[in-house]
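> Sharing a model that was predicted from the sequence below.
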Amino acid sequence: MGQEIATSQFDEADREVFAARLTAETAHLRALARAGGLSGAGPVAGFELEAWLIDRNMFPAPHNQDFLARLNDPLVVAELSRFNIELNGTPRSPGGTGLLDMEQELAGTWARCLHAAHDQVDTAIAIGTLPTLRDADLSLANMTPSNRYAALNREVMRLRGGAAVEVDIDCVDPAGQHLKSRHRDVMLEAGTTSFQLHLQVPPAELGATFDAALELCGPLLALSANSPFLFGQPLWHETRIALFEQAMSGADGRAGGTGGMRPRVFLGERLAGDDPLAILEDNLHDYPVLLPLLSDAPVERYAHLRLHNGTLWRWVRPLVGFDDDGTPHLRLEQRIMPAGPSVIDMFANAAFFYGAVHALARQPGQNPLATIRANFYAAARLGMGAELIWNGALHPARTVLTALLPLARLGLEQLGTAAEVIDRYLDVIEQRIATGRTGASWQLAHFARYGDPFRLTADYLEHQRSGMAVHEWPL
């Protein structure tokens, strides 16, 4: 989905040809995997960070085109809305000082973004959902000018039969109110920004690693929650989960809706087991083509398969890519974590994930998908205050995270991560668990004290700039 396209208009013939090529590429990938032709490289880690441009009044600043022209950095690209950007990192091994090198690269890119933003929009901010975001900000007038986004909007609304997107999110506080919003476009998606992690492992390890990444969704989301507000109203600790799912829901307005369009943001209907390619085959059989952009690339470039997979936003999804020498590979993308609160927090989350997923993948008996799903939504609603099912019993999320912490350390040690790097990141996680202070809980406590989303955003921005981990942030 990161590529620009030449047109935003498609017809039925385009869809039929695309579907045929998608079928051929999916079969080719299956045959290549059976023949042992996929890359055996790994582990290799990577990241993407989505962020906001904001003005001096703390409102979204829809100026990413001018901003990107000034910055002129291939690692930073546009997102769906004019007030969002995406920062990318260089893939590296998580062994040695690789994670620290990734953190330093992101810190450098982020510093250049702040400098480039200063002249026009004041600054950039990494946060799951901006507390000062207004419903009116999520309009087509603020869509980044791009054929791919125009096509995405047109094709989603076509599959929905023109039905409006209706969002209805309850508040976990009994004294709060449901939030309802109605749009006739896909711009609600622009209210969600994330810190996405990539992990490439050898093919024989991918299924177990994928399932371990699913199992970690609940604990990882409890640990990293940072999106408690939508349109200035406190809702879930990670409201972004509900917003993104409902923004790409069925036409009856529910994430599980069946009216006109199957939901395209979801946790998944199966574990990968020993066959992660089956998930890509599900894409072929279960989901209509959204962007039938035809490519003349040879079948072994998987252009249609990769584009189709990019229009299905599983919270954990397999991706097809290529090593530097052109060998195809499979990797996973962990999409559940929000942006922010600080660079050190995000890489502490990354280290926890990479270590825990490596160790969990080597242990038998993962939780069933129903339990994984229950944990995921419990954590999205209540963050560190959730109760999660672990080893067959219900425990406070902090208890589960405390139990996972030595597993994360073990996994990082097995990956060969330098001891000082492990200590740097897992000490942050240990303190966050001990204090119960996530980005979401800090925002909610600040709002409870001051009741002002603008002061909240300004104070959050000041603390983010300080470089302190969120467990150290004062109110």
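That came through fine.
> Could I get the full set of strands for the stretch 201-350 of the chain?
Taking DSSP state E, counting those that start in this stretch, the strands of the stretch 201-350 of the chain run over residues 229-230, 233-234, 265-266, 313-314, 316-322, 328-334.
> Show the contacting residues for residue 362.
Going by CB atoms under 8 Å, 6 or more residues apart in numbering, residue 362 touches residue 208. Heads up, the C-betas are built off the backbone N, CA and C, glycines and all.
> Name the nearest residue to residue 26, ignoring sequence neighbours.
Using CB to CB, 6 or more residues apart in numbering and skipping the chain neighbours, the partner closest in space to residue 26 is residue 284 (5.0 Å).
> on that earlier part again, how about the strands of the stretch 201-350 of the chain in a markdown table, adding distance to residue 461 and mean neighbour count?
As requested, the strands of the stretch 201-350 of the chain are exported to a markdown table (distance: least, CB to CB, whole Å; neighbours: other CB atoms under 10 Å):
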| stretch | distance to residue 461 | mean neighbour count |
| --- | --- | --- |
| strand 229-230 | 15 | 26 |
| strand 233-234 | 19 | 20 |
| strand 265-266 | 28 | 19 |
| strand 313-314 | 28 | 20 |
| strand 316-322 | 30 | 19 |
| strand 328-334 | 26 | 22 |
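> how about those strands, which one is nearest residue 389?
strand 316-322 (18.1 Å; CB to CB).
> for this protein, what helix or strand is lowest in average pLDDT?
helix 147-159 (a mean of 91; mean pLDDT, DSSP states H and E).
> in that helix, what's buried?
Buried residues in helix 147-159, counted by 16 or more other CB atoms under 10 Å: 148, 149, 150, 151, 152, 153, 154, 155, 156, 157, 159.
> One more: stretch 63-71?
Those would be 63, 64, 66, 67, 68, 71, for stretch 63-71 by 16+ other CB under 10 Å.
> got it, and stretch 125-142?
In stretch 125-142, counting by 16+ other CB under 10 Å, buried: 125-133, 135, 137-138, 142.
> What of stretch 405-425?
405, 407-412, 415, 417-418, 421-422, 424-425.
> on that earlier part again, for the residue nearest to residue 26, grab the count of nearby residues.
Using other CB atoms under 10 Å, residue 284 has 17 neighbouring residues.
> do the same with residue 115
13.
> What is the nearest of the buried residues of stretch 405-425 to residue 297?
Nearest to residue 297, judged by CB to CB, of the buried residues of stretch 405-425 is residue 415 at 34.2 Å.
> and the closest one, what does it touch?
43, 94, 95, 354, 355, 358 are the contacts of residue 415 under CB under 8 Å, 6+ apart.
> ok, now with 7 Å
If you count contacts by CB atoms under 7 Å, 6 or more residues apart in numbering, residue 415 has them with 43, 94, 95, 354, 358.
> Would you mind measuring from it to residue 9?
47 Å (CB to CB, to the nearest Å).
> still on that earlier bit, from the buried residues of stretch 63-71, which single one is nearest residue 453?
residue 63 (21.4 Å).
> Give the closest residue to that closest one in space, chain neighbours not counted.
residue 121 (5.1 Å).
> Mind checking what secondary structure the one you found has?
What DSSP: H, G, I helix; E, B strand; the rest coil gives for residue 121 is coil.
> Strands of the stretch 1-150 of the chain, start to end?
Under DSSP E, counting those that start in this stretch, the stretch 1-150 of the chain gives strands at 44-54, 76-78, 84-88, 123-125.
> Reformat the ones you listed as JSON lines; add mean pLDDT and distance to residue 202.
Listed next are these as JSON lines, based on pLDDT from 0 to 100; distance: least, CB to CB, whole Å:
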{"stretch": "strand 44-54", "mean pLDDT": "98", "distance to residue 202": "10"}
{"stretch": "strand 76-78", "mean pLDDT": "97", "distance to residue 202": "30"}
{"stretch": "strand 84-88", "mean pLDDT": "98", "distance to residue 202": "24"}
{"stretch": "strand 123-125", "mean pLDDT": "97", "distance to residue 202": "37"}
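> Show me the residue at the heart of the chain, geometrically.
residue 335 (2.9 Å; CA atoms, centre = their mean).
> per-residue pLDDT, the residue nearest to residue 24 when sequence neighbours are not counted?
Distances taken as CB to CB, 6+ apart place residue 299 nearest to residue 24, at 5.7 Å, with adjacent residues excluded. pLDDT, residue 299: 98.
> Pretty sure residue 299 sits against residue 26.
No. Residue 299 lies out of contact with residue 26 (CB atoms under 7 Å); the separation is 10.1 Å.
> Comparing these two, which shows the higher neighbour count?
residue 26 (22 against 14).
> which residues sit in contact with that one?
280, 281, 284, 305.
> swap the cut-off to 10 Å and go again
Shown in contact with residue 26 (CB atoms under 10 Å, 6 or more residues apart in numbering): 277, 280, 281, 283, 284, 285, 302, 304, 305, 308, 309, 320.
> avg pLDDT for the longest helix seen in the chain?
When the chain is parsed with DSSP state H, its longest helix is helix 12-34. Averaged across helix 12-34, the pLDDT comes to 97.
> Give me the buried stretch members for that helix, please.
14, 15, 18, 19, 21, 22, 25, 26, 28, 29, 32, 33.
> now stretch 32-47
32, 33, 38, 39, 41, 42, 43, 44, 45, 46, 47.
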